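Peer 1: model this:
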Amino acid sequence: MTTPQAQLFDRIAQRTARIGIIGVGYVGLPLAVVFAEAGFRVTGFDLSSERAAIINRGESYIDDIPNATVARLVNAGLLDATTDMERLRDMDAISVCVPTPLSKTRDPDMSAVLSAADHIATRLRPGQVIVLESTTYPGTTREIFLPRISERGFKIGHDVFLAFSPERVDPGRLDWTTKNTPKVMGGITPACLQAGQALYESAIQRVVPVSSPEAAEMAKLLENTFRAVNIGLVNEVLLMCDRLGLNAWEVIEAAATKPFGFMKFTPGPGLGGHCIPIDPLYLSWKLKTLDYTARFIELASEINTSMPRYWVQKVADALNDRSKAVRGSQILVLGVAYKKDVSDVRESPALDIIHLLREKGANVRFHDPHVTSIRIEEERLFGEKALIPAMQASDCVIVATDHSSYDWSLVKTHAPLLIDTRNAVRVG
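Peer 2: You can find the predicted model right below:
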């Protein structure tokens, strides 16, 4: 008699396995496309009926995924989307790519992960492999998914298979994509790892196995903590150089000439995006439950979250030198995305800069070639369409995002007063 594992492996090998992706955002939609391009029939599951409708029309709402790609896959019958979680029963493989934000108290908000686990558990059948991709604290796969599956009477590693493989998405990159970025994979059992590997190796160039889901969960947090701590360090170098009367960028460039033992990071307005400002705090939170303080993480977070206030003070000082108050001044923010050449504003420090300037009474507008509107608290702000007139009508321009489409010589020419968080340039 053929085992559920053998049936699953055969369906994967024959490309007849149905794949479901729960959460088709910045992580889930690129993953769905990669599997569909490998010849699998993929269904995206999302709470948003609008997202599902856009995909089913053959369109994309993710910068890195062209409309033409989605249209081709939808027309070929390889990709569709739905809000109907009952269809999870039809899937042979399910990847969970839901958001894991922080609550208002800076604790992990696991509601989306819990909801996905419940949806899957109530519709489980033998021969399914479930892979959690959402970044979270070590122990999540075993503590949240495993009990729900076990309560259904299924034997893990025989009837159903459970693994963790953290997403590694960097929006806007062309060199490293979902397809060619190595995927770390840890299974609850060796058979779970084999199932997860077989699934992902059918579409992704390299899968890196580790001994457990906890090791994979921790590896992801180490990746992002490494960046958060080093960015925190270089942001503090900026603060120190400011006190010492030194140019931090000159110092960093000089240090970067060392051919070994140094990796270059640069200061900026703070941290943004779906990973670096959030993920290390998941680890810090978990360690607190074990009576341990992750001191590097806590300090780096403190420094990085203080940077928008530092730059707002630079604006205030520059205006003061011109006998102007922040209150009533016309201030233009260039770039509100969290990184250059994308439309993603999640956790963008530019939003904090705008909020702080408005608190001080400034009239703040923004220009971003990739973002048409933003929400500050309960108010929606729409971006300026004409850059040069917007700069000329401002008392101060602050650069928060380094979009490559900006002509910086033009910006320096027309900005009456320029504060540039990219390199601390002050013009005018």
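
Peer 1: use CA for all of it now, contacts and neighbours both
Peer 2: OK.

Peer 1: quick one: residue 396 from residue 215, how far?
Peer 2: 48 Å (CA to CA, to the nearest Å).

Peer 1: In terms of neighbours, single out the busier of those two.
Peer 2: Neighbour totals were compared for residue 396 and residue 215, and residue 396 leads with 25 against 19 (other CA atoms under 10 Å).

Peer 1: Name all residues that make contact with the more buried one.
Peer 2: Residue 396 makes contact with 315, 319, 329, 330, 331, 332, 415, 416, 417, 418, 419 under the criterion CA atoms under 8 Å, 6 or more residues apart in numbering.

Peer 1: can you pull up the bridge partners for it?
Peer 2: Beta bridges link residue 396 to residue 331, judged by DSSP bridges.

Peer 1: ok, back up a step: among the contacts of residue 396, which one has the most neighbours?
Peer 2: So for the contacts of residue 396 (other CA under 10 Å), the most neighbours sit at residue 332, 28 neighbours.

Peer 1: my guess is residue 333 contacts residue 400, does it?
Peer 2: Yes - between residue 333 and residue 400 there is a contact under CA atoms under 8 Å: 6.6 Å.

Peer 1: higher neighbour count, those two?
Peer 2: Per other CA under 10 Å, whichever of residue 333 and residue 400 has more neighbours is residue 400, with 30 against 25.

Peer 1: which residues does that one contact?
Peer 2: Contacts of residue 400 (CA under 8 Å, 6+ apart): 268, 269, 333, 334, 335, 336, 349, 350, 420, 421, 422.

Peer 1: By neighbour count, which of the residues you listed wins?
Peer 2: Most crowded among the contacts of residue 400, counting by other CA under 10 Å, is residue 336 at 34 neighbours.

Peer 1: Enumerate every residue touching it.
Peer 2: Residue 336 neighbours (CA under 8 Å, 6+ apart): 345, 348, 349, 350, 351, 366, 367, 368, 371, 400, 401.

Peer 1: what's the helix or strand for residue 19?
Peer 2: strand 18-22 (DSSP states H and E).

Peer 1: Show me what secondary structure element comes after that strand.
Peer 2: helix 28-37.

Peer 1: Give me the contact list for that following helix.
Peer 2: 19, 21-24, 41-44, 62, 64-65, 70, 73, 78-79, 96-98, 178-179, 203-204.

Peer 1: per-residue confidence averaged over that helix?
Peer 2: Across helix 28-37, the average pLDDT comes to 98.

Peer 1: mind checking how far the residue lying closest to residue 16 once chain neighbours are set aside is from residue 147?
Peer 2: Spatial nearest neighbour of residue 16, excluding adjacent residues (CA to CA, 6 or more residues apart in numbering): residue 40 at 6.5 Å. Distance, residue 40 to residue 147, by CA to CA: 29 Å.

Peer 1: So if I had to pick from the two, which one is more boxed in?
Peer 2: residue 40 (24 against 13).

Peer 1: quick one: low-confidence ranges for this structure?
Peer 2: 1, 423-428 (pLDDT under 70).

Peer 1: I'd guessed residue 128 sits against residue 163; true?
Peer 2: No - applying CA under 8 Å as the test, residue 128 and residue 163 come out as separate, 11.4 Å apart.

Peer 1: Next step: the contacts of residue 336 restricted to helices.
Peer 2: Using DSSP state H, the members of those that fall within helices are 349, 350, 351.

Peer 1: Dump the residues you listed into JSON lines; add distance to residue 253 as well.
Peer 2: Output for these, formatted as JSON lines (distance: CA to CA, whole Å):
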{"residue": "349", "distance to residue 253": "24"}
{"residue": "350", "distance to residue 253": "25"}
{"residue": "351", "distance to residue 253": "28"}
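
Peer 1: who touches the strand holding residue 19?
Peer 2: Against strand 18-22 from outside (CA under 8 Å, 6+ apart): 28, 31-32, 35, 40-46, 88, 90-98, 116.

Peer 1: next one: stretch 298-314
Peer 2: Contacts of stretch 298-314 (CA under 8 Å, 6+ apart): 228-229, 231-233, 235-236, 268-271, 277, 281, 284, 349-350, 352-353, 356-357, 419, 421.

Peer 1: Tell me which of these fall in helices.
Peer 2: Under the assignment DSSP H, these contribute 228-229, 231-233, 235-236, 281, 284, 349-350, 352-353, 356-357 to helices.

Peer 1: Show me the two of those residues that sit farthest apart.
Peer 2: Maximum pairwise distance among the ones in helices among the contacts of stretch 298-314 (CA to CA): 30.4 Å, between 284 and 357.

Peer 1: Fine, thanks again, bye for now.
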